[in-house]
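**Student:** A structural model of the following input is requested.
(chains A, B, C and D)
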2 protein chains.
Amino acid sequence: MAGVSKGTVDRVLHNRGNVSEKARLAVKKVLEKVDYKPNIHISAISLKRRYKIIVTTPEISIGAYWESIHNGIRHAMQEYENVKIDLQVFTYNQYDIYSCRQTFEKIAEFDMDALIIGPTFPEETIHLCKRMDEKEIPYVFVDSTIDSTSPLAFFSADHYVCGYMMAKLITSIIPSHTNIAIFQAVRTGDKSANTTILRKKGFTDFLEQNGFLNLILTIPFSVTSPEDNEMYLSRLFKTHKEVPAIVVLNSRGNYIADYIEANHIKGVKMVCMDLTAANVEALKKGQIDYLIGQEPEYQGFCAMKTLLEHLIIKEPVTKENYVQLDIITRENVAFYKHFGNIMF
Amino acid sequence: MAGVSKGTVDRVLHNRGNVSEKARLAVKKVLEKVDYKPNIHISAISLKRRYKIIVTTPEISIGAYWESIHNGIRHAMQEYENVKIDLQVFTYNQYDIYSCRQTFEKIAEFDMDALIIGPTFPEETIHLCKRMDEKEIPYVFVDSTIDSTSPLAFFSADHYVCGYMMAKLITSIIPSHTNIAIFQAVRTGDKSANTTILRKKGFTDFLEQNGFLNLILTIPFSVTSPEDNEMYLSRLFKTHKEVPAIVVLNSRGNYIADYIEANHIKGVKMVCMDLTAANVEALKKGQIDYLIGQEPEYQGFCAMKTLLEHLIIKEPVTKENYVQLDIITRENVAFYKHFGNIMF
DNA sequence: CTGTTAGCGCATTCAC
DNA sequence: GTGAATGCGCTAACAG
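**Tutor:** Residues are numbered from 1 along each chain as shown, chains lettered A, B, ... in the order given. Predicted coordinates:
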């Protein structure tokens, strides 16, 4: 249509240069007119290039939160099976800041085309991102985003709203005088995860803004040395004659639910995070009343998909992407497929 | 690998016959070994065939439920842009059984490769499906499914559970003695929609099973002649000194919310269905407390996607597909993209 | 600076 | 029954 060959069109499409201004304009005009959209799948089959992509997140345990994110990532790779991807995964211990630091240092040395980061500690992440910025390697965040970085995009829940909703839900099912115990994970290196901080803020803001006067008990919670939890828990249930309501700000609510069941404590209302296998079980048994889901598969899926689309056909992407905060009860949990539901 | 040419492999893949048993087995064996998966996108580009697909649903109004389903259908077509599809849409008046009957009669006469049905009236739908079965034309349901038919698949919420959840939600935010008014749509021809019946059953079952003794007022609700609603509504709020809680079993909760606002009635708790533009607005304003979402875009998307995959690469599909029942509040509504979220 | 050619995985057509 | 040839939209290597 523009009176030039495929080769020239291709050069225009990918700004490869070596095209006369006249030909370039002619081609551009036609592309505009026919509203040309490249087909990424077809592109991919003919593309010889291999992409090296690195993924770094907290360690993956089966049936837990981060496994879902990785599932989503793999799922995107399946959908773009024609794209030749070399994937490398580096996990770190999310409860140990030194583990994170070490892993990130190592990653920074590698060569790659893009990076997916599941961040926990802000400073370490910022440091890694700086290195990527220097090398102009695009990176995207999943689970949460970190200030002072410039990712290509992020896919995260709004953790402030998340905490806010947890407060709304727990207060909707307990008497106004009931104490509320909030559990948050302790981490070596004394840094809280950025997500926990935001959730806690949202939680207390809700109570304040809506005039709730429940006594709030903040309780540390160790994933690495569970024996400490026993102490806190027994103290919690002994010192207060009336059982408190419980909110767990990380995905390990099932630990608390198990303690409560093992000790035959009755009447505890619980709101927890994430559809881990163990949490879902506790929800079904009625130990947990509400779970908040944050679409981890979808996050991983979108992260990888966005990256691939950016690498293959340039096109600008939406940078800020907040995922759904699903309110799950024992009634609707069965419909939240641990793996499905990716459109867009 | 099997010592035959591409042509023979293709014949085996598509059961086109004209292949010796020996060659067929050799190819099958190799396909098995390499775990061959056809790539539907690449298939589609080389496929000469055009597919004629008909969609029939209730009429579409902007910002309303059925528009979302159609959006999802179109979205699937975009994702499979290489597939040559001739789409024809026939809508009927969902509040008029005769309109439905007439539309379905017309459709039954047409020739097509596949059909997507958004059903309302069981008998009319069964009749249409019988005709399709005779001609061996595959059809899939969206929104709800109908007994005594044999669709290729259906994508629907579990409407019984939906009603059950609405009961749980409304009772969680009202005092135990509050009356509950249930609105359900009236339809000419005196047939209720199948979805309404199921939701109502779920609703009353929840109350019964959990010992709730609230007085239930069932109120008819006309979408076609709204002037009748005024009468019912004013009577409702006059005869009962204490304002009742309200549950609307169809997607038009905003009508009631508007009445309540226009008449300055305070303190009404509401649980309604579907993220229509008007309902979302009422939710944000605080008129509605909970909305139940049923992923209409996703339903439409999956329906079309399933059909295409069935038409192009045969492979068996999952027949029964229950979608998420999302619990939406003013806090999390912003994250439910009216258009996104399609994986798998 | 430009056009030609080959090839990606797949379907189709036609001659053997 | 079978294989070879052609083409879908696209990238890439190369010859001019």
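
**Student:** Got the phi and psi for the most centrally placed residue in chain A?
**Tutor:** Centroid check for chain A by CA atoms, centre = their mean gives A:D143 as the closest residue, at 1.8 Å. Note on A:D143: its backbone torsions stand at phi 80, psi -50 [degrees, to the nearest 10].

**Student:** try A:L217
**Tutor:** phi -110, psi 120.

**Student:** how long is stretch A:33-51 end to end?
**Tutor:** Counting by CA to CA, to the nearest Å, you get 32 Å between the two ends of stretch A:33-51.

**Student:** Please apply the same query to stretch A:110-128.
**Tutor:** 12 Å.

**Student:** buried ones in that stretch?
**Tutor:** A:112-122, A:124-125, A:128 (16 or more other CB atoms under 10 Å in any protein chain shown). C-beta here means a position set from N, CA and C on the backbone, and glycine is covered the same way.

**Student:** Specify which member of the residues you listed is nearest to chain B.
**Tutor:** Of all those, A:I116 has the smallest distance to chain B: 16.5 Å, by CB to the nearest CB.

**Student:** can you give me phi and psi for the nearest residue to that closest one once chain neighbours are set aside?
**Tutor:** Leaving aside its sequence neighbours, A:I116 sits nearest to A:V55 (CB to CB, 6 or more residues apart in numbering or on different chains; 4.5 Å). Listed backbone geometry of A:V55 is phi -120, psi 130, with angles given as degrees, to the nearest 10.

**Student:** Number of residues surrounding A:V55?
**Tutor:** Neighbours of A:V55 under the rule other CB atoms under 10 Å in any protein chain shown: 23.

**Student:** surely it meets A:R74?
**Tutor:** No - with contact defined as CB atoms under 8 Å, A:V55 does not count as touching A:R74 (9.9 Å).

**Student:** And the helix or strand bottoming out on mean pLDDT in chain A, how far out from the chain middle?
**Tutor:** Within chain A, no helix or strand scores below helix A:227-239, which has a mean of 86 by mean pLDDT, DSSP states H and E. Chain-centre distance of helix A:227-239: 31 Å, with CA atoms, centre = their mean, to the nearest Å.

**Student:** Stretch A:284-295 now?
**Tutor:** Remark: stretch A:284-295 is offset 18 Å from the chain centroid, using CA atoms, centre = their mean.

**Student:** Retrieve the pLDDT associated with A:A2.
**Tutor:** You'll see A:A2 listed with a pLDDT of 89.

**Student:** and it, what element?
**Tutor:** A:A2 belongs to no helix or strand when assigned by DSSP states H and E.

**Student:** Return the distance of it relative to DNA strand D.
**Tutor:** Noted for A:A2: a distance of 13 Å to DNA strand D, by CB to the nearest atom of the strand, to the nearest Å.

**Student:** Isn't that residue up against A:L13?
**Tutor:** No - counting by CB under 8 Å, A:A2 stays clear of A:L13, with 11.9 Å between them.

**Student:** ok, back up a step: excluding its backbone neighbours, what's nearest the residue nearest to the centre of chain A?
**Tutor:** The shortest distance from A:D143 to any non-neighbouring residue, by CB to CB, 6+ apart, is to A:G118 (5.0 Å).

**Student:** and that neighbour, backbone torsions?
**Tutor:** For A:G118, the backbone dihedrals are phi -100, psi 100 (criterion: degrees, to the nearest 10).

**Student:** can you tell me which residues contact it?
**Tutor:** Neighbouring residues of A:G118 by CB atoms under 8 Å, 6 or more residues apart in numbering or on different chains: A:55-58, A:66, A:69, A:141-143.

**Student:** Kindly state the pLDDT recorded for it?
**Tutor:** 97.

**Student:** Quickly note the distance from it to A:P58.
**Tutor:** A:G118 is 6 Å from A:P58, where distance means CB to CB, to the nearest Å.

**Student:** circling back to that earlier point, among the contacts of A:G118, which one is most surrounded by other residues?
**Tutor:** Within the contacts of A:G118, most neighbours by other CB under 10 Å means A:V142, with 30 neighbours.

**Student:** circling back to that earlier point, looking at the buried residues of stretch A:110-128, which is nearest DNA strand C?
**Tutor:** A:D113 (20.2 Å; CB to the nearest atom of the strand).

**Student:** I figured the closest one hits A:I137, correct?
**Tutor:** Yes - using CB under 8 Å, A:D113 is in contact with A:I137, at 7.1 Å.

**Student:** How about the secondary structure of A:F141?
**Tutor:** strand (DSSP: H, G, I helix; E, B strand; the rest coil).

**Student:** A:E331 reaches B:K168, doesn't it?
**Tutor:** Yes - A:E331 is in contact with B:K168 according to CB under 8 Å; the separation is 6.6 Å.

**Student:** Now for those two: what residues contact both?
**Tutor:** Counting by CB under 8 Å, 6+ apart, A:E331 and B:K168 have no common neighbour.

**Student:** show me what contacts the residue of the stretch 151-300 of chain A found nearest chain B?
**Tutor:** The minimum distance from the stretch 151-300 of chain A to chain B, using CB to the nearest CB, falls at A:M165 (4.9 Å). Neighbouring residues of A:M165 by CB under 8 Å, 6+ apart: A:202, A:206, A:292, A:325, A:327, B:329, B:331-332.

**Student:** Quick one: these as a markdown table, columns for distance to B:S43, neighbour count and pLDDT too.
**Tutor:** Formatted as a markdown table, those follow (distance: CB to CB, whole Å; neighbours: other CB atoms under 10 Å in any protein chain shown; pLDDT from 0 to 100):
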| residue | distance to B:S43 | neighbour count | pLDDT |
| --- | --- | --- | --- |
| A:G202 | 48 | 22 | 97 |
| A:F206 | 52 | 21 | 98 |
| A:I292 | 40 | 24 | 98 |
| A:L325 | 38 | 26 | 98 |
| A:I327 | 40 | 23 | 98 |
| B:T329 | 44 | 18 | 98 |
| B:E331 | 44 | 20 | 98 |
| B:N332 | 39 | 22 | 98 |
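
**Student:** Out of the residues you listed, flag the one nearest to A:A181.
**Tutor:** A:F206 (16.2 Å; CB to CB).

**Student:** so that closest one sits in a helix?
**Tutor:** Yes - with three-state DSSP as the criterion, A:F206 is located in a helix.

**Student:** Pull the number of nearby residues for the closest residue to it other than its chain neighbours.
**Tutor:** Closest residue in space to A:F206, ignoring its immediate chain neighbours: A:A167 at 3.6 Å, by CB to CB, 6+ apart. Using other CB under 10 Å, A:A167 is surrounded by 28 other residues.

**Student:** between the helix or strand containing A:A167 and strand A:139-143, how many degrees?
**Tutor:** Assigned by DSSP H and E, A:A167 falls within helix A:159-172. Orientation check (axes from the mean of the first three to the mean of the last three CA atoms, to 10 degrees): helix A:159-172 against strand A:139-143 gives 10 degrees.
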